[in-house]
Structures are given as C-alpha cells and as structure tokens.
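Engineer: need coordinates for the below:
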Amino acid sequence: MIPHILIFDPSRERAEIVLRHIEELNYTGEHISEADDLWKMFSQERFQILIIDCEVLGKDKTNILETIQKNHSDLLVILKSEKQSWDQVAKYLNQHKAYDYLEEITSKDKFKLTIDRAFDYGQLKRKTEVIQEGENLLYKKMIEIFDWKKALTEKDSENIASDLIHQMNISLFQGSGIGTLMSVVSVLLTKSKFDEASSTYTIPKNLYDLIRENYESAKGMFDSMSISQNVIDDSFEIEELHPISVLSQIMEEEVRQLEEAASLRNQKISMSGVPGGTSGNQIRLHPGKMRHAVREVLINALKYSREKDTIYLIFFVKENFLELKVVNPAYENPDQTIGVSGKHEHLVFEPFYRISSVMDDSYVQYEQFRFGLGLPLVKKIIEQHKANVQIYTIENNIRPNKSKDVCLTIRLPIQK
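Structural biologist: Got it, this is the predicted structure:
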C-alpha cells in the first residue's frame, strides 16, 4: 500500500512542486485549490494524507482543521508554511490538529521522510483502533464454540515422541547445519589433495568457505541448545521490578537488532509508544529473559509474513495490565487454516509442534530458540513473569479485502 495524498493549495505553481515529488517517489496525489472541493474529496475516503498550505487557514473564516479533526480523524494533516507562519504552525501542532509540517518543499528526500513517517504513523494508529474490534469478534466466536478451551487430544499427546524425532530431524539434518556440514566434510575427504613434499593436504577456497559457513551454523545450533536448556532448567519466578519504559527500550533495541532480518523480505516493523499515564508504574521484568522472548516473537512474525509486509508492535493499558501485541498478516497454512486459529492456538505452545514442517534457513542466524521450542520457551519466560501469552487470528478491518492478522498478546500485571 502506498500513500495517497491530497494537496490543498490555492497556488498551482506551489502544488506542482509537490506533485512532481509525489510522481518521482511513486506515490499518488491530487491537487485542489477551493475549500468546497475539499469536502467533496473527503467524502470519497480515498486519501491518507492532506498537505494544506497555511495561507488557506489564514484566509478561511471557518476552522478547517477542527472540522477535519472532528469528521475525518483518520486523515493525517501536514502543514506547508513559510518561515513567517511558524507561530501559527506551532499552535496547530501543539493542539494536535496537524501531525507535521514542511517549511519549504524543495528537497525530495526531506519530503519523502515526512510523508513516510506520517503514513507509517497513520497505519499504526488505524491498526491500534481496529485491534480491539477484531479481538471482540474473536471472543464472540469462541463463546459459540463449546470446546474452544480443549487442550491436546489423546492422539496428539501420544504423538509427541514421534514429533520430537521429526522436528529434530528437520532442524539438525535439513537446510544448513549439521546435515550440510557432514556432506561438505564428505566432499572434503574426497577432493583434498595430498602434497608428499610438505606432508599437507590442500583444499579449494570455495570448499573451505563452505565448511566455515556450515560450521558457524552448526555452532549456532549448539549455542541455541545451551540457551534453551538454561530456560528449561530455570524455575524461578521473576520478582524484580522495572519501569514500563524499560520494556519499551528493550523492544526498540531488538527492532534495531533485527533490521537486517527484516530487510531479507523488505519488511518493516512499526512500533507504538507506551500509553500515557504509566510513567509511575512498574512491571515484573527480567531484562535478559525478556529479550530472549521478544527476539523469538519478532523473528516468528518476520518469518511467517511475506514480502513488504509490516509487523506492528502495539502497547495497550487495560485495567491493571500492560499488553504488548505483535501483529502480522495471516496467510493460509498447508492444512487450509488461516494464520494461527482453531487447535493451533494452543498447540503452537507445545514442544516440537509446527504448523508447517517447511524449514526456512533465512532467519537461522538471528534465532536463539530452535527445534520447535521457540513459543514453548517464550510461554515459560512470560509465565515466570507471572504474566500470560496468547496467539490467535483476528479480522483485519483496515484493508478492503477482508484479510486477517495473527495477533500475539503478552499481558503483564502493572505494579502501581
């Protein structure tokens, strides 16, 4: 989805500069010069961003921004002004009647930064507003299904041992890692050449590089085993308290750490701020353990999303709980289910369970938990914080094609 921009400016010459930038950046936009046209355009609900010249606000007797704020709250307003209009711009920004401003629209890079930032903010804001509605619909459906709380069936329980062997086989011997390393060593033994004069073996550089690469991958697996074992053996409940802002900082740092992983599919991670009024409150938090959990959840969201998708991280405060929601688009699974729904909502937290057995090596270097243990270990870490974690599929009411989102929610008690 790309920004669709409406320009409200009496000057066609000034608007042409903006339209030229819009065209060069592959956005879409339209220009109007009269207030009457403005309300007609709004009725079509096609625009995400309005660029409005402060000259219009000065001349118009009605408060255009107030009307927009009241009747078109989803529209993001960017003010365009000359230096002498700064006092007026500052007033509108402080009153939250406008999102941002452009002093002069001459630099394409500055224009792009402002538009992209506004568009991302708008998408995050809309996602925040509809997430509640989607969850309410989900809970209504749950009530209609009498056995929605049913845990593993007897048959599923009996198959855990075979699942363990199956998942260990996938993780260890498919893709890069031990399986490939063994194959490369086999090639090494047959392709290396012995030099009698120096009593040494020589190997081609590309073969050496392949061995090194797969050694690092195999080493990563054993490191993962060590981290996983530490989490499994640790049974202590978290008692230490930290301000809510510490969790927000952890999230920001992990998002930065995973920028390279997100770039593999040109994905973005968009994060909201923590709601106001929580600055004096604390939560149970072990920063090191929470980092492990957050990293796994974010990698899962990236891994099961597609090219150019956006993953949203949204904070809510509900009653005495802080909720962190990780939201990514839902897609069809091999069993024709969508996202994480039905029995998968519970089974994904069971050891060695995967909705799909297809391995994706792209994210291996960023993972700390493997072998189908990721979400089970996340659940254990969150429960050590005397909190809970859930995952489900909800309706996405932002896009017109009635798509769905996977929503993972971590719910932490607030200590006032």
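Engineer: pLDDT (mean, whole number) over stretch 250-263?
Structural biologist: Regarding stretch 250-263, the rounded mean pLDDT is 94.
Engineer: distance between the ends of that stretch?
Structural biologist: End-to-end distance of stretch 250-263 (CA to CA, to the nearest Å): 20 Å.
Engineer: and that stretch, how far out from the chain middle?
Structural biologist: 10 Å (CA atoms, centre = their mean, to the nearest Å).
Engineer: residues contacting Ile131?
Structural biologist: Ile314, Phe316, Lys325, Val327, Ile394, Cys407 (CB atoms under 8 Å, 6 or more residues apart in numbering). No exception for glycine: its C-beta is placed from N, CA and C like everyone else's.
Engineer: again, only using 10 Å
Structural biologist: 312, 314, 316, 323, 325, 327, 394, 396-398, 405, 407, 409 (CB atoms under 10 Å, 6 or more residues apart in numbering).
Engineer: in what helix or strand does it lie?
Structural biologist: Per DSSP states H and E, Ile131 falls inside helix 108-144.
Engineer: picking that back up, mind putting the contacts of Ile131 into a markdown table with secondary structure?
Structural biologist: As requested, the contacts of Ile131 are exported to a markdown table (DSSP: H, G, I helix; E, B strand; the rest coil):
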| residue | secondary structure |
| --- | --- |
| Tyr312 | strand |
| Ile314 | strand |
| Phe316 | strand |
| Glu323 | strand |
| Lys325 | strand |
| Val327 | strand |
| Ile394 | strand |
| Asn396 | coil |
| Asn397 | coil |
| Ile398 | coil |
| Asp405 | strand |
| Cys407 | strand |
| Thr409 | strand |
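Engineer: just the buried members of those?
Structural biologist: 312, 314, 316, 323, 325, 327, 394, 396-398, 405, 407, 409 (16 or more other CB atoms under 10 Å).
Engineer: which residue is the nearest non-sequential neighbour of Val326?
Structural biologist: Of all residues not flanking Val326 in the chain, Leu408 sits nearest, at 4.5 Å (CB to CB, 6 or more residues apart in numbering).
Engineer: repeat that for Asp405.
Structural biologist: With CB to CB, 6+ apart, the residue lying closest to Asp405 is Asn396, at 4.7 Å.
Engineer: dump the residue contacts of Leu258.
Structural biologist: Gln267, Ile269, Val294, Arg295, Leu298, Ile299, Ala301, Leu302, Ile311, Tyr363, Tyr366.
Engineer: in those residues, find the pair that's most separated.
Structural biologist: Gln267 and Val294 (16.6 Å; CB to CB).
Engineer: more crowded one of the two?
Structural biologist: Val294 (24 against 20; other CB atoms under 10 Å).
Engineer: what mean pLDDT does stretch 209-229 get?
Structural biologist: Stretch 209-229 carries an average pLDDT of 68.
Engineer: and stretch 275-292, by the same measure?
Structural biologist: 88.
Engineer: check the offset of stretch 79-97 from the chain's centre.
Structural biologist: 32 Å.
Engineer: and the end-to-end length of it?
Structural biologist: 10 Å.
Engineer: same thing with stretch 75-86?
Structural biologist: 22 Å.
Engineer: now it: average pLDDT?
Structural biologist: 78.
Engineer: mind listing the strands for the stretch 251-400 of the chain?
Structural biologist: Assigned by DSSP state E, counting those that start in this stretch, the strands in the stretch 251-400 of the chain fall at 268-271, 282-284, 310-318, 321-329, 388-395.
Engineer: looking at those strands, which is nearest to Ala118?
Structural biologist: Nearest to Ala118, of the strands of the stretch 251-400 of the chain and by CB to CB, is strand 268-271 at 12.4 Å.
Engineer: partners of that closest one, with directions?
Structural biologist: Strand 268-271 has the following strand partners under DSSP bridges: strand 310-318 (parallel).
Engineer: got the angle for the strand it pairs with vs strand 321-329?
Structural biologist: Using axes from the mean of the first three to the mean of the last three CA atoms, to 10 degrees, the inter-axis angle of strand 310-318 relative to strand 321-329 is 160 degrees.
Engineer: find the nearest non-adjacent residue to Leu65, please.
Structural biologist: Lys97 (4.1 Å).
Engineer: for the stretch 51-200 of the chain, give me the ranges with low pLDDT.
Structural biologist: Within the stretch 51-200 of the chain, the set of residues satisfying pLDDT under 70 comprises 58-62, 83-85, 104-106, 129-130, 132-185, 187-189.
Engineer: pretty sure the residue nearest to Leu65 sits in a strand.
Structural biologist: No: counting by three-state DSSP, Lys97 is not part of a strand but coil.
Engineer: that one touches Ile68, doesn't it?
Structural biologist: Yes: counting by CB atoms under 10 Å, Lys97 touches Ile68, with 7.7 Å between them.
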